[in-house]
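> Sharing a sequence plus its predicted fold:
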Amino acid sequence: MDLSHLGGCLRAALDGRAAGRRRAVQAVLAAASALALLLWWLLPSDGPSYPKAPISLATGVADGVYDTYGVLLKSDLRTALPGVRVDLMHTEGSVDNIKRVASGRADFTIAAADAVASYQGPGKADLRACARLYDDYMQLVVPRDSPVRSARDLRGLRVGVGQAASGVNLITRRLLTAAGLDIDKDIRAFPVGIDQAPAMLLGGKLDAFFWSGGLPTAAVTAMATPTARIRLVQLGDLVAKLHTMGSRMQYYRQAEMPADAYPKAQDGQAVATIAVANLLVTTDHADPGLVERLTRAVIDSRDAIGKKVHAAQLVDLRTAVFTDPLPLHVGAARYYRSVKP
């Protein structure tokens, strides 16, 4: 027997087995890689990392839209930000909210664009936006039999003008000025918000009150019944004058409250008024990963929150990036880039 020939055959057999093993290992590795890629594609990503420290969200007065929105958003953030405790803070409204975030007393807030633009205090340069949310509509509520047909007719009357640090108060002062009235001299101003004004009006302690909020606001809806007999007064006749009062008035746009906003208080008619955008606000000190996740949660929760806060249905990915007068936070910008078609 030729031993050299036998050795060659044995080596060939062994080499064949080794090659087979290598091919088998390579096949297993390729399959594992393909499976990992498939799972990465199909399963949701954990998303960016973020600190697990508590955060605070300044909302507004009880029964207001900011307050209700904040409560519902907090629930969604339990899923979006595991391990982060979200604390809600009741405030007087937009003006108060901006001061709290700029000073570091709150991490996030909702505020109207006009209040943001008007803020000139410490920390102004640090303010950033996460999203444009929905519009607030200015609402002037009076008893059904009131002779008031315009803000100009409020002279000498008892009027709820919003709490001192609220966005309602800011807009009300400007509207009254446009109407030729001095809030300190020409009306009896009561610094009450939506948590007190409805009961005061129905109890005969107010002749009218102003409110700025998303449509519809639950507290106004509760008043708009056949027995309560209230009416909404148009404010559209003040828009042109308002726009002549300075550059900060650019954030107010002419708008109409649709006839079905408060059908029992509008007689099936739309009501002319002004509207202003709301922004979700933080500072440039907020962690980018946290802001990216929170912004995603705000957009993703629109439909669920919108079932209870109808104004939230207007939160739209296409308009959320228009946050004038504030630039977008880098974390929010990163989110919008990630979902750009």
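Perfect, I can see it now.
> Would you mind giving the secondary structure of the most centrally placed residue in the chain?
The centroid of the chain falls nearest to L133 when counting by CA atoms, centre = their mean (4.0 Å). The three-state label given to L133 by DSSP: H, G, I helix; E, B strand; the rest coil is strand.
> cool, F210 as well?
Following three-state DSSP, F210 is assigned to strand.
> element containing the closest residue in space to it that isn't next to it in sequence, please.
When the adjacent residues along the chain are set aside, F210 lies closest to T172, with 4.5 Å between them (CB to CB, 6 or more residues apart in numbering). All C-beta spots, glycine's among them, are computed from the backbone N, C-alpha and C. In this assignment (DSSP states H and E), T172 forms part of helix 167-178.
> And for K74?
helix 65-80.
> Can you show me the helices along this protein?
3-42, 65-80, 94-102, 113-118, 167-178, 197-202, 218-223, 239-242, 263-266, 288-300, 302-306, 330-338 (DSSP state H).
> Low-confidence ranges, the stretch 101-250 of the chain, go.
For the stretch 101-250 of the chain, no stretch is flagged by pLDDT under 70.
> Please repeat the previous calculation with a cut-off of 90.
225-228 (pLDDT under 90).
> is it true that M223 touches K264?
No. Between M223 and K264 there is no contact under CB atoms under 8 Å: 9.2 Å.
> Those two: which has the busier surroundings?
Using other CB atoms under 10 Å, the more surrounded residue of M223 and K264 is M223, with 20 against 15.
> State the distance from that one to I230.
5 Å (CB to CB, to the nearest Å).
> list residues touching both of the two?
Common contacts of M223 and I230, defined by CB atoms under 8 Å, 6 or more residues apart in numbering, comprise 141, 201, 265.
> Who are the contact partners of the second one?
For L201, the set of contacting residues under the criterion of CB under 8 Å, 6+ apart consists of 141-143, 160, 207-209, 223, 230.
> One more: the last one?
With CB under 8 Å, 6+ apart as the criterion, the residues that contact A265 are 141, 220, 223-224, 230-232.
> And the first one, by the same measure?
Under the criterion of CB under 8 Å, 6+ apart, the contact list for V141 reads 197-198, 201, 208-211, 220, 223, 230-233, 265.
> Kindly report the same for G64.
Going by CB under 8 Å, 6+ apart, G64 touches 93, 193-195, 213, 217, 219.
> so of those residues, which ones are in strands?
Mapping the contacts of G64 onto strands (DSSP state E) picks out G213.
> number of nearby residues for A219?
So A219, with other CB under 10 Å, has 23 neighbours.
> Is it correct that it is in contact with Q196?
No. Taking contacts as CB under 8 Å, A219 lies outside contact range of Q196: 9.9 Å.
> Show me whatever sits in contact with both of the two.
Joint contacts of A219 and Q196 (CB under 8 Å, 6+ apart) do not exist.
> pLDDT score assigned to A12?
The model reports A12 with a pLDDT of 52.
> Provide a list of residues in contact with A332.
Here A332 is in contact with 128-131, 291-292, 295 (CB under 8 Å, 6+ apart).
> nope, A311 is what I was after
Applying CB under 8 Å, 6+ apart, we find A311 in contact with 65, 69, 134-135, 213-215.
> related to what we said a few turns ago, so can I have a markdown table of the contacts of G64 showing distance to R100?
Shown next, in a markdown table, are those (distance: CB to CB, whole Å):
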| residue | distance to R100 |
| --- | --- |
| G93 | 11 |
| G193 | 16 |
| I194 | 19 |
| D195 | 18 |
| G213 | 19 |
| T217 | 22 |
| A219 | 23 |
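> for the contacts of G64, which one is nearest K241?
G213 (23.0 Å; CB to CB).
> chain center to the helix holding K74: distance?
Relative to the chain's own centre, helix 65-80 is displaced by 10 Å; criterion: CA atoms, centre = their mean, to the nearest Å.
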